[in-house]
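Visitor: one predicted model, sequence on top.
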Amino acid sequence: MTDHAYYDWDETLRYDAIMTMVVAVRDVGKTYGLRRRFVLDYLNDGSRFGQLVRHKTALSITAAGYFDKVSREFPDYQFKVEGSRAYIARKVPEGEKPEWELMGYFAALTQMQQIKETTYADVYRVCMDEAIIDPALSQYTRYLPREYYLLTQAFDSMTRESVDADGNAVPRKRRPRLYLMANGLSMANPYFSMMGIKKPPPFGKSWYRDKTVLLDYVEPLEKDRRRKVTTVAGRLASLDPLSSGALENEFLDASGLFVESKPPRAKIRYAIAYRGRRYGVWEDAAEGMVYVTDGAPANVDPVYSLTNRDGEFNAILAARNEPVMRYLLELYRYGLVRVDCDGTRGVLAECLALFGLR
């Protein structure tokens, strides 16, 4: 971080990662700084941005006042959002008509078909905020089934890189880049699963997936930590360990409780299909322990599905698989179940809650 009033994107962008994920406490200006960069990109060479959200209902909320704060740094320009498009124009004397220029696009992952049918031009940076959902909001907001897949498809539709006859990317002004932003809230998210992160990452910048993904897990500054004692909201949050953890940019479900690698002798027994992912259930007969992992062998049989293909809970499937799930629940209650990471523990708790876990 620097003395800037916003997250130092200049330093992060020097890494030129294909995908960058920034996890930081609120109010460090990570969103502000990237939107500022969107404006600079367009003014420098006409590069446009893409802003993604999960649900259609979030589009108008995200677009409203999108450039209100950033516009103060560009006093010679004015901004507006109409529908799913953002525009910029030089300020003109009162009574004259501004010449509005298209600067960016907004789209929701739940409107994937519409995204595919929309024409996008010169999109360079694509961003999605709130990539990690606060577990306290899981009753109201959930990850989309196969969310990472939908994100990559939306990114492809917005940036539309062409390839030549040999399958090589056709040179263009700028190769597109993807940015995710989040607060340190939950290990159980599709992005950490994709990166292979199974425990809280270290503070600072780290590469994943053969230097394809850059994660910047930003350590809170002293002024951010002091929010606990200097603001009313901070003092209220500090009364509760989970709420307090959010002010420290901690992962609220990262306790390490029951996290243990399965031994080589453990045998795969079955898999649980839940919200587009499969979780392996392994048994160590020698110790009488059961291990649950994020992922299972492709040939595992049987597979017990708890959700439809679209990720919604299916009561018929759940009833059909109730005996095996209730047996797993009993093992869990007796402390005989281990998981490979905090994220898997969170998902397992969701699954078992369908069968009586409280």
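Guide: Nice, I can see it.
Visitor: report pLDDT for residue 231.
Guide: Per-residue confidence (pLDDT) for residue 231: 65.
Visitor: which regions of the stretch 201-350 of the chain sit below the pLDDT cut-off?
Guide: Scanning the stretch 201-350 of the chain for pLDDT under 70 picks out 221-256, 309-311.
Visitor: all helices for it, in order.
Guide: 222-225, 227-230, 232-237, 241-247, 315-320, 322-333, 342-353 (DSSP state H, counting those that start in this stretch).
Visitor: could you pull out the strands in this structure for me?
Guide: For the chain, the strands defined by DSSP state E occupy 19-23, 48-53, 77-82, 85-90, 101-108, 123-128, 177-182, 204-208, 213-217, 267-274, 277-284, 289-294, 303-305, 337-339.
Visitor: present these as a markdown table; the columns should include mean neighbour count and distance to residue 261.
Guide: In this view, the C-beta of every residue, glycine as well, is placed from N, C-alpha and C. Output for the strands of the chain, formatted as a markdown table (neighbours: other C-beta atoms under 10 Å; distance: least, C-beta to C-beta, whole Å):
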| stretch | mean neighbour count | distance to residue 261 |
| --- | --- | --- |
| strand 19-23 | 22 | 25 |
| strand 48-53 | 24 | 35 |
| strand 77-82 | 16 | 49 |
| strand 85-90 | 18 | 47 |
| strand 101-108 | 21 | 39 |
| strand 123-128 | 23 | 32 |
| strand 177-182 | 22 | 27 |
| strand 204-208 | 15 | 19 |
| strand 213-217 | 21 | 22 |
| strand 267-274 | 18 | 15 |
| strand 277-284 | 20 | 11 |
| strand 289-294 | 21 | 8 |
| strand 303-305 | 18 | 23 |
| strand 337-339 | 23 | 8 |
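Visitor: compile those into JSON lines and extend it with columns for distance to residue 329.
Guide: JSON lines is the format used below for those (distance: least, C-beta to C-beta, whole Å):
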{"stretch": "strand 19-23", "distance to residue 329": "32"}
{"stretch": "strand 48-53", "distance to residue 329": "35"}
{"stretch": "strand 77-82", "distance to residue 329": "48"}
{"stretch": "strand 85-90", "distance to residue 329": "49"}
{"stretch": "strand 101-108", "distance to residue 329": "36"}
{"stretch": "strand 123-128", "distance to residue 329": "35"}
{"stretch": "strand 177-182", "distance to residue 329": "31"}
{"stretch": "strand 204-208", "distance to residue 329": "34"}
{"stretch": "strand 213-217", "distance to residue 329": "34"}
{"stretch": "strand 267-274", "distance to residue 329": "12"}
{"stretch": "strand 277-284", "distance to residue 329": "12"}
{"stretch": "strand 289-294", "distance to residue 329": "11"}
{"stretch": "strand 303-305", "distance to residue 329": "13"}
{"stretch": "strand 337-339", "distance to residue 329": "9"}
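Visitor: which one, of those strands, ends up nearest to residue 38?
Guide: Proximity to residue 38, assessed across the strands of the chain by C-beta to C-beta, is greatest for strand 48-53 (4.1 Å).
Visitor: show residues contacting that closest one.
Guide: Contact with strand 48-53 is made by 38, 41-42, 59, 62-63, 66, 86, 102-109, 120-129, 151, 154-155, 158-159, as judged by C-beta atoms under 8 Å, 6 or more residues apart in numbering.
Visitor: next one: stretch 347-358
Guide: 138, 188, 272, 274-275, 277, 279, 292, 294, 306, 313, 318, 322, 325-326, 328-329, 332-333, 337, 339.
Visitor: check stretch 307-323 too.
Guide: Here stretch 307-323 makes contact (C-beta under 8 Å, 6+ apart) with 142, 144-146, 273-276, 304-306, 325, 354-355.
Visitor: give me the buried subset of those.
Guide: 144-146, 273-276, 304-306, 325, 354-355 (16 or more other C-beta atoms under 10 Å).
Visitor: could these be laid out in JSON lines, adding distance to residue 22?
Guide: Formatted as JSON lines, these follow (distance: C-beta to C-beta, whole Å):
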{"residue": "144", "distance to residue 22": "21"}
{"residue": "145", "distance to residue 22": "25"}
{"residue": "146", "distance to residue 22": "23"}
{"residue": "273", "distance to residue 22": "32"}
{"residue": "274", "distance to residue 22": "28"}
{"residue": "275", "distance to residue 22": "25"}
{"residue": "276", "distance to residue 22": "25"}
{"residue": "304", "distance to residue 22": "37"}
{"residue": "305", "distance to residue 22": "35"}
{"residue": "306", "distance to residue 22": "33"}
{"residue": "325", "distance to residue 22": "37"}
{"residue": "354", "distance to residue 22": "34"}
{"residue": "355", "distance to residue 22": "37"}
